[in-house]
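# Sequence first, then the predicted structure, then my questions.
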2 protein chains.
Amino acid sequence: MIKPRTPPGVMELLPRDQIAFDRMLGTIRRTFEGFGFLPVETPVFELSEVLLTKSGGETERQVYFVQSTGGLEKGAMERLEQLRTEAGSYEFPAVSADAIRGQVQKVAALPELALRFDLTVPLARYVAEHERELAFPFRRYQMQRVYRGERAQRGRFREFYQCDIDVIGKDALSPRYDAEIPAVIHAVFGALGIGAFTIQMNHRKLLRGFFEGLGIEGERQDAVLRELDKLDKRGADAVRETLLGEEFGLAAEVADRLMAFSQVRSAGHADALARLDALGAGTPLFEQGRDELRAALERLRAMGVPESGYAINLSIARGLDYYTGMVYETTLDAHPQIGSICSGGRYDDLAGHYTKSRLPGVGISIGLTRLFWQLREAGLVDTADSSVDVLVALLDDAGLDHALALSQRLRAAGLNVETQLEPRKLAKQLQYADRAGIRFVAIRGENEAARGAVAVKDLRRGEQFEVAEDDLGRTLLVEREQLRVQARTRAEPEAGE
Amino acid sequence: MIKPRTPPGVMELLPRDQIAFDRMLGTIRRTFEGFGFLPVETPVFELSEVLLTKSGGETERQVYFVQSTGGLEKGAMERLEQLRTEAGSYEFPAVSADAIRGQVQKVAALPELALRFDLTVPLARYVAEHERELAFPFRRYQMQRVYRGERAQRGRFREFYQCDIDVIGKDALSPRYDAEIPAVIHAVFGALGIGAFTIQMNHRKLLRGFFEGLGIEGERQDAVLRELDKLDKRGADAVRETLLGEEFGLAAEVADRLMAFSQVRSAGHADALARLDALGAGTPLFEQGRDELRAALERLRAMGVPESGYAINLSIARGLDYYTGMVYETTLDAHPQIGSICSGGRYDDLAGHYTKSRLPGVGISIGLTRLFWQLREAGLVDTADSSVDVLVALLDDAGLDHALALSQRLRAAGLNVETQLEPRKLAKQLQYADRAGIRFVAIRGENEAARGAVAVKDLRRGEQFEVAEDDLGRTLLVEREQLRVQARTRAEPEAGE
């Protein structure tokens, strides 16, 4: 007997939690599609050679490699043959340390396949591979699981969903696309109904231009950025001290201006514009960044995104090598400790490893597995009701065929129906429905049958009513729709704005 | 520069094919939910020890193993240390052949993780692991990709979707559930609209009981079954000859009765019952199988499944070790060469490797990746129109904010909208929409703006019409809904039955 268990670091859900999770996935998908993004799915594994184009890096150390049984055996036999060949020409002790190490590591180091660790590298490969068959700007969404061999730890997952959108241009992509992205973020989290949130924006050109203006150039910009990124963790005083210290040797005035800059946060649309103005004149790069940020703010307003939903936050940097323009993070106003729940930005070239075409883009990613886990921990998502709308009860064997036929009619009306196929005490059937999270139980006793009617227990409201059998489907659909409208109204407190 | 390409044996789709695929997935999911099945997702990998409970077998040889970079390095170093230790105590040539082979193969043979090769083993693990938290009969659906290191071959995939449903009982599960399964199959393929199809049913107890009656017992039953399973491939004469030959040594009369039995096919409900009757009396096992088959036929009729949709086919056996009762296959009437597009059956015990509880069940699986590929090859599925309903055109920069706001209003109405963010010649924008499969283009020129109206190009119908801006969302929704109704009517020719 083998103990049934999942590997560590995965999130496996019971059905009612899976329903809650699937609803979030569905909401995100519908919103992405609402903004004209097209679906893409890529294989779970890529050729290692294709996936691992960048050398080194944290992510690469976390890659999962994949090998078929045949591949494993072939690899083992090849190693064995190599060892035997070499053993023939050397004394064994001489060959054991280095030659064996080399052979074993060489074969062990690069199996043919590896699991994707994000959706960006597969997107780059996809766009480069299918370049001629795609229309640009190419708007794609992708919602799949990715894999990272992270240290096992509470709330850290080795398998997790990412929900990504990207717009990819060919040769160029107008900065106007940068403004559309936060409108999508706003729509997604509005629809998810997990409380008030703020999309925080910054611009890498504004950042780099500001540094330039202070005489900080090249790699020193990255070092300063990395230091400023620790503001939340280390606190302002410690960071300031480091900037003044030996490593950076910045003048006090420069350090103060850096600290003041990265502490800029806006509250409201006009305030964001005013704070951008208040930064004073800067280098051409700085001005370009500021212009693009301003334009994005204006576009967001034109799209009707409420000003409470976005802000500028000049401390945000994101990945240092990758992003080149607008960058985004999103935080839940009441749960800042959760950190950014949706991040991304603008990059200059998506697929330089795979194609000579220049493919600039802008995109974001939602790590849904982690978010779902955090929302559950914070009590912000509940176990869902069942996806089953109604249980058709069965009181005796004679009623079976009628119960089956009634179930089919309710399905044809658009309801999800479970049929009780073996008669049990009604109390048991009601208890089962209640535990399973099924709202309605349809009961057809002798009296109801004589009247061509069905009794309905509404377990949610604790009520019972009778309805003509022919009207049952329509009645339950209306009830279900009412509940959905109520839920939506609760989820979107801003609907009136 | 690295050539962007996928590994062999995967199906990666362009967006409009992905949309067509996703619609099929969505249809299957909705139908499964309609019948009260609950969603389950399991991790892509399981612990090797848990996944590979059965020894040997074709599937096990096709398993993909997974190892993190850390795991690979650790494994390589362990191997190295073992080799060095042994080298210290033996002459090398003596150790090289067997000891090294043993060590290398031992370490290579069982990495910690392996990719799932079907959804049944993960279901068994899931149900055994969460037994106390699940309500039985447990009805689950699962639609995920599975992995098999198959020989690369046209139409064979190493990564493919399976769409499974199973009903799992605790201790027992009424045969009534066996009748519900073909009703689900009927609903799924009716909704998919890929042409007429027949659900073919047989019963393992009927089969084994019939063999018993002919004096064929125990393992010889399996051997005969395997032989009869080759009827389609080898032809009746060759199979009969084998049954008469040395290996089986059956009497001519027995062979003839076997051949006649396995050639039984029904056409229509009454014919199915008549053919079952015509089999004559049999052993208790035979009679139990026949009773259950009859009852399933009656339940199917009670559920309104048209009699053209199902038949008995006494040649169907399915997996020899696994199924114990009803078995199902489904074939497209006009495309028998595609083979079974949905198969499954009843089994006695799902999770004997993981739990002492007896968990009988019944289920089916649709291999959607292969089916989609075959339907495309046969011209039965088209590239879908875009998921984008409308492109909001942009004629000049001054119109940008209005175009953005209009797009948002259309989204709020429930439409999928792409906004043209940079002005281009209208002809270019229409051409783009046409190529992308977007049906409507909303154009707001000066004249339309003056009237508070929008011009709409319907690229599908080749028409243009004007509509008040406030009515645009509603109008396009109605148009979209009409098209869907038309498509559904085409897909369900049986709707009138």
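Looks like it arrived, so ask away.
# Backbone dihedrals for the residue nearest the centre of chain A, please?
The structure's chain A has its C-alpha centroid closest to A:Ile366; by C-alpha atoms, centre = their mean the separation is 2.3 Å. With angles defined as degrees, to the nearest 10, A:Ile366 sits at phi -110, psi 120.
# That one pairs with what?
When bridges are called by DSSP bridges, A:Ile366 pairs up with A:Cys163.
# wouldn't it be in contact with A:Val188 here?
Yes - using C-beta atoms under 8 Å, A:Ile366 makes contact with A:Val188 at a distance of 7.3 Å. Backbone N, C-alpha and C define where each C-beta goes, glycine included.
# Common neighbours of these two, please.
Counting by C-beta atoms under 8 Å, 6 or more residues apart in numbering or on different chains, the residues touching both A:Ile366 and A:Val188 are A:28, A:342.
# Where does pLDDT dip in the stretch 201-350 of chain A?
Under the criterion pLDDT under 70, the flagged ranges of the stretch 201-350 of chain A are A:320.
# all helices for it, in order.
Along the stretch 201-350 of chain A, counting by DSSP state H, counting those that start in this stretch, helices occupy A:204-213, A:218-228, A:231-234, A:236-244, A:252-262, A:269-277, A:284-302.
# Tell me which of those helices approaches chain B most closely.
With C-beta to the nearest C-beta, the closest approach to chain B among the helices of the stretch 201-350 of chain A belongs to helix A:284-302: 3.7 Å.
# Name the residues of the closest one that are buried.
A:285-286, A:288-290, A:292-294, A:296-297, A:299-302 (16 or more other C-beta atoms under 10 Å in any protein chain shown).
# which two of these lie the greatest distance from each other?
The most widely separated members of these are A:Leu285 and A:Ala302, with 26.1 Å between them, by C-beta to C-beta.
# Kindly report the domain assignment for chain A.
A:15-44+A:138-377, A:68-110, A:390-493 (automatic domain parsing).
# who's in contact with the residue nearest to A:Gln374 when sequence neighbours are not counted?
Excluding its sequence neighbours, the residue lying closest to A:Gln374 (C-beta to C-beta, 6 or more residues apart in numbering or on different chains) is A:Ile338, at 5.0 Å. Residues near A:Ile338 by C-beta under 8 Å, 6+ apart: A:331-332, A:371, A:374, A:378.
# Show me which of those residues are buried.
Among the contacts of A:Ile338, those classed as buried by 16+ other C-beta under 10 Å are A:331-332, A:371, A:374.
# and which of these is nearest chain B?
Ranking the buried ones among the contacts of A:Ile338 by separation from chain B, with C-beta to the nearest C-beta as the measure, puts A:Leu371 on top at 16.2 Å.
# nearest spatial neighbour of that closest one, skipping sequence neighbours?
A:Ile341 (5.3 Å).
# So the spatially closest residue to A:Thr383 that is not a sequence neighbour: helix, strand or coil?
Spatial nearest neighbour of A:Thr383, chain neighbours left out: A:Arg16 (4.6 Å); criterion: C-beta to C-beta, 6+ apart. State at A:Arg16, reduced to three classes by DSSP: H, G, I helix; E, B strand; the rest coil: helix.
# For the nearest residue to A:Lys356 once chain neighbours are set aside, give me its contacts.
With C-beta to C-beta, 6+ apart as the criterion, A:Lys356 has its nearest non-adjacent residue at 7.5 Å, and that residue is B:Met1. With contact set as C-beta under 8 Å, 6+ apart, B:Met1 has these partners: A:353-356.
# which residues touch the strand or helix carrying A:Leu472?
Take DSSP states H and E as the rule and A:Leu472 turns out to sit in helix A:472-491. If you take C-beta under 8 Å, 6+ apart as the criterion, helix A:472-491 is touched by A:190-193, A:389-390, A:406, A:409-410, A:412-415, A:439-440, A:442, A:454, A:456, A:458, A:460, A:467, A:495.
# avg pLDDT for that helix?
For helix A:472-491, mean pLDDT rounds to 84.
# repeat for stretch A:147-163
90.
# Ends of it, what's the gap?
Its start and end residues considered, stretch A:147-163 measures 14 Å (C-alpha to C-alpha, to the nearest Å).
# Same question for stretch A:30-44.
23 Å.
# how about it, does it reach chain B?
Yes - shown here: stretch A:30-44 in contact with chain B (C-beta under 8 Å from any C-beta of the partner chain) through A:33-36, A:38-44.
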